[in-house]
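# pasting the sequence and the predicted model now:
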Amino acid sequence: MKDLGNLNYFLGLEVHHRRDGISFSQVKYAIDLISRAHLSYEEVENTLIEPNVHYTSTDGTLLDNPTRYCQLVGGLIYLIVTYPDIAYAVHIISQFMSEPQTTNYAAVLWIL
């Protein structure tokens, strides 16, 4: 075994050591997730999901390659660890993992 010092970053969690305790953050992970979606960090919305919109499995057209959608939703699910305020919006879009539509993908981008 080797002592590598204080833990600073592990599995997407930044660990900050302070006098009064330890705090966790996923800011770097969130920024990396935003860049994977080819969005800029400055494109910020005030709401997590469009209000009064109900998504169904027949909205929009079926995505040709759902891989990016699944990766982004999976990243958002992991992001809930330190951002529980996005849990409801992520729950809504994660229901369409098997057959994501274009409107579902737009909702993922909106949340990011």
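Received, thanks.
# low-confidence stretches in the protein?
For the chain, the stretches with pLDDT under 70 are 41-48, 50-51.
# longest helix of the protein, counting residues only.
When the chain is parsed with DSSP state H, its longest helix is helix 67-79.
# other SSEs contacting it?
For helix 67-79, the packing partners by 3 or more C-beta pairs under 8 Å, 6 or more residues apart in numbering; DSSP states H and E come out as helix 27-36, helix 87-94, helix 102-111. C-beta here means a position set from N, CA and C on the backbone, and glycine is covered the same way.
# buried residues in the shortest one?
Spelled out, that is helix 87-94. By 16 or more other C-beta atoms under 10 Å, the buried positions in helix 87-94 come out as 89-90, 92-93.
# check the first one too.
By neighbour count with 16+ other C-beta under 10 Å, helix 27-36 contains the buried residues 29-30, 33-34.
# next: stretch 105-112.
Neighbour counts over stretch 105-112 (16+ other C-beta under 10 Å) mark 105, 107-108, 110-112 as buried.
# which one of those residues is nearest to Ser40?
Leu112 (10.6 Å; C-beta to C-beta).
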